[in-house]
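J.: This is a predicted model, with the sequence first.
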Amino acid sequence: MTGLRGEAAIVGFVELPPERKPTRPQMFTIEQYARLAKAALDDAGLDGSAIDGLVTHGIAESDMFAPATLSEYLGIPINYGEVVDLGGATSAGMIWRAAAAIELGLCEAVLVIVPGAYNLPVSKRRAPKGFGYFGASSNNFGSPQAEFEIPYGNLGQNAPYAQIARRYAAEFGYDPRAVAKIAADQRTNACATPDAVFYGQPISIDDVLASPMIADPLHRLEIVMPCMGGAGVVVTSASVARRTKNRPVWVKGFGERIAFKTPTYAEDLLRSPISQAADRAFEMAGLTRSDVDMASIYDCYTITVLMSVEDAGFCEKGKGMEFVASHDLTFSGDFPLNTAGGQLSFGQAGMAGGMHHVVDGTRQVMGRAGAAQVRDCNRAFVSGNGGIMSEQVALVLQGD
Amino acid sequence: MDKPMPEPTPVTQPFWDALKEHRVRIQYSPSAGQYVFYPRVLAPRTLADDLEWRDVSGDATLYTFTVTDRATAPPWQDSVPQLMAVVELDEGPRVTTEMVGVDPASLQVGMRVKPVFEDHPDDGVTLLKYTTA
């Protein structure tokens, strides 16, 4: 099996507390990138001179040449610069690319930063760009989505995720209480995490089921709420990792699978790409599912978590509802899952939402999760999910 | 707010032309032995350069659906509930569509469905929607 040797590590992180209404100063994404990079480096005990690589999702101020623009702005020449465009799988996808570049000897220390505040400063002279309502779908001429999806109202995420849940119900049955328990248990974790947007607001399964139906069978409390924030990490070689402040979190294995854009065209809507990605990640790491002490699974919706738990191999396909109903998913439970609340309860800071799971796993393995710390946590499984379960990344992280 | 309408491309034009005549015409790759949707320049997976157009019945089964209480985007504000569906053509490919003329409560995964050709003369296109067979 080829792959990572596990000799690159996450050594520092930053995750801003998500907020529903912005209170922090407005910043361009390039400025956010710099501030977040500084904070992640401070956390590691490094300074900018250590950095010789960077990864970005892109910057709002420049449609092209993002790595070069960031390199220039930060004043940091790099041996490795990359743009990753995998939606919610972007952050996890960035981590393995950074680790691979380090193991190839291209670089020693890579910034992996994802700004997540969309209240950018507004020009007094130029007309606002406007986000429109197309979101993650492209209405450009010639785009398959413009021609075969958007005219039928197939926009946004709620409806397609609901379609996945509906198909799941037809094939495996559907226990709304079991699925709602995912949201309730994660909220318990958020209530032990002061930075979580829903800190101090516990919810029950009944609360989840009593919240308004948004796209049948998905209720409002099963759907992620967009916030403002930002997150990032520094990934370094072993030699740099040894002179940082934290317990290094080694990137032991990864897998990535990109299968389609619109779920209509999935070969099998209920077998998500994470299955191939997770198999590869565990095989690369030389570990099994039971070796993992916590899992941080991309949770834009409860159905995403349910299917990812199955498809990543933590339980048999179709038995996810039994699995979540019979396990305690809280940080002190027998299957600690999304221990800071997940995006559902910690908050989804836009594109930085995917980084939440990387930071969740990192925080636990570093032993820095405070009241939500999983006891004796040495290994974490992290997933990223982009589009409508269409592009997925698995990571296996491990402490010394 | 106007709903966005499809704009055919040189490659996809035969599909839209057929819909205007209330027929369903999709591509087929003889070497792959597979029907293809949506229209492309090459066969998906094999990239065989042998796609040809074939008329099909359009008959399908309902693969999955959702009934949205909130509009998926502003142009559908006055069109809720939207009966958002994915149907599987008898020939294999799946198609994104909307169910029309049905009681939302009667929708069931696996039910037989048939095409409804929804003409939009102002835009010069016909949309492929579905209803109970």
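T.: That came through, no problem.

J.: What are the boundaries of the helices in the stretch 151-300 of chain A?
T.: A:158-172, A:176-190, A:205-210, A:238-241, A:274-285 (DSSP state H, counting those that start in this stretch).

J.: so what secondary structure elements neighbour the first one?
T.: In other words, helix A:158-172. Applying 3 or more CB pairs under 8 Å, 6 or more residues apart in numbering or on different chains; DSSP states H and E, one finds that helix A:158-172 contacts strand A:213-215, strand A:218-219, helix A:302-311, strand B:60-68, strand B:82-89. Just so you know, the C-beta spots here come from the backbone N, C-alpha and C atoms, and that holds for glycine as well.

J.: Over to the shortest one?
T.: Based on contacts counted as 3+ CB pairs under 8 Å, 6+ apart, the elements that helix A:238-241 packs against are strand A:8-15.

J.: partners of the strand it packs on, with directions?
T.: strand A:229-237 (antiparallel), strand A:249-258 (antiparallel) (DSSP bridges).

J.: Now it: average pLDDT?
T.: When pLDDT is averaged along strand A:8-15, the result is 98.

J.: next helix or strand past it?
T.: Using DSSP states H and E, the helix or strand that follows strand A:8-15 towards the C-terminus is helix A:29-44.

J.: which helices and strands does that next one pack with?
T.: strand A:8-15, helix A:66-74, strand A:109-116, strand A:229-237.

J.: need the next SSE after it, C-terminal direction.
T.: Following helix A:29-44 in sequence, per DSSP H and E, is strand A:53-56.

J.: Using CSV, write out every CA atom in that following strand.
T.: Output in CSV follows, covering the C-alpha atoms of strand A:53-56 (Å, rounded to 0.1, in the frame of the first residue of the first chain):
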residue,chain,number,x,y,z
GLY,A,53,3.8,26.3,1.7
LEU,A,54,0.2,27.3,1.7
VAL,A,55,-3.2,26.0,0.6
THR,A,56,-6.3,28.1,0.0
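
J.: re the thing from before, now render the helices and strands packed on helix A:29-44 as TSV, adding mean neighbour count.
T.: Converted to TSV, those look like this (neighbours: other CB atoms under 10 Å in any protein chain shown):
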stretch	mean neighbour count
strand A:8-15	28
helix A:66-74	18
strand A:109-116	30
strand A:229-237	28
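
J.: out of the helices and strands packed on helix A:158-172, deepest packed?
T.: helix A:302-311 (a mean of 27; mean count of other CB atoms under 10 Å in any protein chain shown).

J.: Now do it against helix A:274-285, angle only.
T.: Here helix A:302-311 points in a direction 50 degrees away from that of helix A:274-285 (axes from the mean of the first three to the mean of the last three CA atoms, to 10 degrees).

J.: just checking, what packs against helix A:302-311?
T.: helix A:158-172, helix A:176-190, helix A:274-285, helix A:320-326, strand A:379-386.

J.: Could I get those in CSV, plus columns for mean pLDDT and mean neighbour count?
T.: Below are the helices and strands packed on helix A:302-311 laid out as CSV (pLDDT from 0 to 100; neighbours: other CB atoms under 10 Å in any protein chain shown):
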stretch, mean pLDDT, mean neighbour count
helix A:158-172, 96, 23
helix A:176-190, 98, 24
helix A:274-285, 98, 23
helix A:320-326, 98, 19
strand A:379-386, 98, 28
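
J.: Including distance to A:E103, could the ones you listed go into TSV?
T.: Output for these, formatted as TSV (distance: least, CB to CB, whole Å):
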stretch	distance to A:E103
helix A:158-172	36
helix A:176-190	33
helix A:274-285	12
helix A:320-326	34
strand A:379-386	18
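
J.: got the residues of the stretch 51-200 of chain A near chain B?
T.: Residues of the stretch 51-200 of chain A lying close to chain B (CB under 8 Å from any CB of the partner chain) are A:133-134, A:139, A:141-142, A:144, A:146-156, A:158-160, A:162-167, A:169-170.

J.: residue boundaries of the strands in chain B?
T.: Ranges of strands in chain B, per DSSP state E, are B:24-29, B:34-36, B:52-56, B:60-68, B:82-89, B:94-98, B:112-120, B:125-132.

J.: Just put the strands paired with strand A:8-15 in CSV and tack on mean pLDDT.
T.: Listed next are these as CSV, based on pLDDT from 0 to 100:
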stretch, mean pLDDT
strand A:229-237, 98
strand A:249-258, 98
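
J.: I'd like those strands as a markdown table, with distance to B:A48 appended.
T.: Formatted as a markdown table, the strands paired with strand A:8-15 follow (distance: least, CB to CB, whole Å):
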| stretch | distance to B:A48 |
| --- | --- |
| strand A:229-237 | 42 |
| strand A:249-258 | 22 |
